[in-house]
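1. compute the structure for the input listed below.
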Amino acid sequence: MSVIRQALGKQAEMDARVKANKATMAAYVDEIKTTGNGVVAQFGVTNANGLWLHSPVSYNGSLLKMFGFNSNMAPTEGSVYQTN
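-> The predicted structure follows:
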């Protein structure tokens, strides 16, 4: 975002957008964290080819962690958590 805002000459607009997004996310955390505290949850995507789970290091997985949810995925070497 930093590079894009500079390239477009819209630093002030992007700074305001980032600040607003941080406030929105903080409000979501306040609202959800007590519900998610200790609960196991998993983001997944399914289609005709299978099911893909988002690990805690993915963007979606990091949101669940931020909201207080736990993951049952065990970390492994590399960028893939586990495959079956």
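2. what is the longest helix of this structure by residue count?
-> Using DSSP state H, we find that the single longest helix of the chain is helix 11-36.
3. what mean pLDDT does that helix get?
-> Across helix 11-36, pLDDT averages out at 90.
4. give me the sheet partners of the very next helix or strand once past that helix and which way each runs.
-> Next along the chain after helix 11-36, taking DSSP states H and E as the criterion, comes strand 43-47. If you go by DSSP bridges, strand 43-47 pairs up with strand 50-54 (antiparallel).
5. the strand it pairs with: what's the following helix or strand?
-> Next along the chain from strand 50-54, counting by DSSP H and E, comes helix 59-66.
6. show me what that following helix is packed up against.
-> Judged by 3 or more Cβ pairs under 8 Å, 6 or more residues apart in numbering; DSSP states H and E, helix 59-66 is in contact with helix 11-36, strand 43-47. In this view, the C-beta of every residue, glycine as well, is placed from N, C-alpha and C.
7. mean neighbour count added to those, as CSV?
-> Output for these, formatted as CSV (neighbours: other Cβ atoms under 10 Å):
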stretch, mean neighbour count
helix 11-36, 12
strand 43-47, 11
